[in-house]
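>>> need a structure here:
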Amino acid sequence: HEASDLCGAMLTASPLLEAFGCASTLRNTNSSRFGKLMQIWATPGERASFSHSSIETYLLEKGRVSHHAEGERTFHVLYYCAAAAASARSCHLDASAVHALSSAGAHSGARAFRILRQGLRPSDDGEHAENACQKFEEVIRALGSLGAPPAAVESLGRILAAVLLLGNTSFAADDEDKAFVITSSDDDANAESCLELAARLLGIDARALATRLTSRTVHSGRGSTYAIKYSIPAAEGARDGLVRELYSRLFSWLVARINTSLAGPCKTNIDDTASATCPSIVPSNYIAILDIFGFESLAQNSLEQLLINHANETLQLFFMERTMAAELAMYTEEGVRVPAITIPDNSACVELVSGKPNGIAWLIEDEGAMPKPTDASLVERVLSTHAEHPSMAQAQRRGVRAGCGGRSAFVVAHFAGQVSNTST
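Numbers count the residues shown, from 1 in each chain. Okay, here's the model as predicted:
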């Protein structure tokens, strides 16, 4: 039954966002790995009431889908999906997904899947696995309560299963040290590989998928095209990029589905044009709640963490400008005497990351467009471009080029501390 009231829809949406957007970290077993802005609109008048709501999400840590720090986990729902496939009652997981995951060894639980193995505990078997299966059932029921069509719910299960299977796809090298997909197991040469099983669930050709994971097409200036074959590390990077993007788009679909339910009588995207379809709604009559990551410096800080810390850096600048600076200006205007106060200015660090044309974010984009981009060339480009920047740590100016387990890295001095960012 479709949730009939705003409060019910919001309560139903919460465990869905938790399942798809939260993960276990070293500090928190249910850590939110995305930011969100929730807005709740009210009708005007003496007896105002909340009418509809919307959720906008930011910076899903999709890198966690394929890799995470030792002792941490990927997103909860992927464990739920594996447990559902291992259960005798399938927990409402689509039959084709159950068959595909079972063919990949799902009977042994989460340990059958590479992206779930790291961070597993002895307690993950038995009662804990059954609890995970029940959690998957709750996810399916919640989607139904929010009005998701049965076909869409079945597709969701197949995509989750495909993410797990693609994560298990492995590669070998030919005589020229170029990667190819391993398409059969040692035990049964006729068994479908994880890639073939995933392709079947996604409704795409397995050979075309294998080609995309092991090579890229280059278009020359004269209109011709040719393929460049990947090494094993490059193919693994393509595989991991695909599973991250699949999961990220699934998460975006989930948020859109939730917003459709929260829209109430409007049933449209909630923005400043909402009043056109809901005449009784005043666009400015809303409460907004921002929930975003805190600043972190991890053992390995990838692109996602750089952006998360940059978001916090920008919020810090906004806070200092809109509270401290604005308050002091008001005191001056009103003739109120206050002691001299020096307001910390972190605008240089914000500019370092996002400023055009040479901010780190833009340098990353430019490097990715090069014919042969490398981690080392990106780091050298960042360091050479910003060698004298006040927010680049002194250590790297003395020639330090490695960190975080020996990987190429550059260090950014944020308002909250220095962070070594890996270029991988």
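>>> the longest helix in the protein is where?
helix 232-262 (DSSP state H).
>>> for that helix, list every residue counted as buried.
Neighbour-count burial for helix 232-262 flags 232, 234-236, 238-240, 242-244, 246-247, 250-251, 254-255, 257-262 (criterion: 16 or more other Cβ atoms under 10 Å). For the C-beta atoms, the positions are set from N, CA and C on the backbone; glycine is no exception.
>>> swap in stretch 59-79?
Those would be 59-66, 68, 72-79, for stretch 59-79 by 16+ other Cβ under 10 Å.
>>> okay, and which of those residues map to helices?
His76, Val77, Leu78, Tyr79.
>>> and the last one, what does it touch?
By that I understand Tyr79. Residues counted as contacts of Tyr79 (Cβ atoms under 8 Å, 6 or more residues apart in numbering) are Arg73, Ala110, Leu116, Asp124, Ala132.
>>> and which of these is nearest Glu388?
Nearest to Glu388 out of the contacts of Tyr79 is Arg73 (Cβ to Cβ; 41.0 Å).
>>> shouldn't the closest one be in contact with Asn28?
No - if you go by Cβ atoms under 8 Å, Arg73 and Asn28 don't touch, sitting 11.1 Å apart.
>>> tell me which helix or strand comes right after the helix or strand of the chain with the lowest mean pLDDT.
In the chain, the helix or strand scored least confidently by mean pLDDT, DSSP states H and E is helix 274-277, which has a mean of 38. Per DSSP states H and E, the first helix or strand lying C-terminal to helix 274-277 is strand 286-291.
>>> what's the following helix or strand after that following strand?
helix 303-319.
>>> now the angle from that next one to strand 286-291?
Per axes from the mean of the first three to the mean of the last three Cα atoms, to 10 degrees, the angle that helix 303-319 makes with strand 286-291 is 130 degrees.
>>> mean confidence for helix 303-319?
Averaged across helix 303-319, pLDDT comes to 90.
>>> same for it, what does it pack against?
helix 347-354, helix 360-368, strand 407-414, strand 417-422 (3 or more Cβ pairs under 8 Å, 6 or more residues apart in numbering; DSSP states H and E).
>>> the stretch 101-250 of the chain: helices as residue ranges?
114-117, 127-145, 150-167, 194-202, 206-214, 232-262 (DSSP state H, counting those that start in this stretch).
>>> between those helices, which one is closest to Val336.
helix 232-262 (43.8 Å).
>>> same for that closest one, what does it pack against?
So helix 232-262, by 3+ Cβ pairs under 8 Å, 6+ apart, packs with helix 6-21, strand 50-58, helix 150-167, strand 171-173, strand 179-181, helix 206-214.
>>> nearest to Pro339, out of those?
strand 50-58 (37.7 Å).
>>> kindly export the closest one (C-alpha atoms) in PDB.
Output in PDB follows, covering the C-alpha atoms of strand 50-58 (Å, rounded to 0.1, in the frame of the first residue of the first chain):
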ATOM      1  CA  PHE A  50       3.600  20.400   6.300                       C
ATOM      2  CA  SER A  51       2.600  19.500   2.700                       C
ATOM      3  CA  HIS A  52       5.500  17.800   1.000                       C
ATOM      4  CA  SER A  53       9.200  17.200   1.200                       C
ATOM      5  CA  SER A  54      12.300  16.500  -1.000                       C
ATOM      6  CA  ILE A  55      15.800  15.100  -0.500                       C
ATOM      7  CA  GLU A  56      18.900  16.100  -2.400                       C
ATOM      8  CA  THR A  57      22.000  14.000  -2.000                       C
ATOM      9  CA  TYR A  58      25.600  14.900  -2.400                       C
END
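>>> make residue 1 into 128 and carry on from there
Done: numbering now begins at 128, and the last item shifts to strand 177-185.
>>> parallel or antiparallel, list what pairs with that strand.
strand 162-169 (antiparallel) (DSSP bridges).
>>> tally of neighbours for the closest residue to Glu423 other than its chain neighbours?
Distance criterion Cβ to Cβ, 6 or more residues apart in numbering; nearest residue to Glu423, sequence neighbours excluded, is Gln432 at 6.5 Å. The tally of other residues near Gln432 (other Cβ atoms under 10 Å) stands at 21.
>>> Gln432 touches Ser547, doesn't it?
No - taking contacts as Cβ under 8 Å, Gln432 lies outside contact range of Ser547: 10.3 Å.
>>> for Ser429, what are its contacts?
By Cβ under 8 Å, 6+ apart, the neighbours of Ser429 are Gly190, Asn548, Thr549, Thr551.
>>> and the last one, how far is that from Glu363?
To tie it back to what came earlier, the one meant is Thr551. 11 Å (Cβ to Cβ, to the nearest Å).
>>> quick one, what contacts Ser375?
Taking Cβ under 8 Å, 6+ apart, one finds Leu187, Lys189, Val192 in contact with Ser375.
>>> typo on my end, it should be His541
Per Cβ under 8 Å, 6+ apart, neighbours of His541: Phe422, Asn436, Asn439, Glu440, Asn473, Cys476, Ser518.
>>> can I assume the fifth one is in contact with Glu440?
Read it as Asn473. Yes - with contact defined as Cβ under 8 Å, Asn473 counts as touching Glu440 (6.0 Å).
>>> what about Ser511, neighbour count?
8.
>>> tell me which residues of whichever strand or helix holds it are tucked away?
If you go by DSSP H and E, Ser511 is part of helix 502-512. For helix 502-512, burial by neighbour count (16+ other Cβ under 10 Å) applies to Leu505, Val506, Glu507, Arg508, Val509, Leu510, Thr512.
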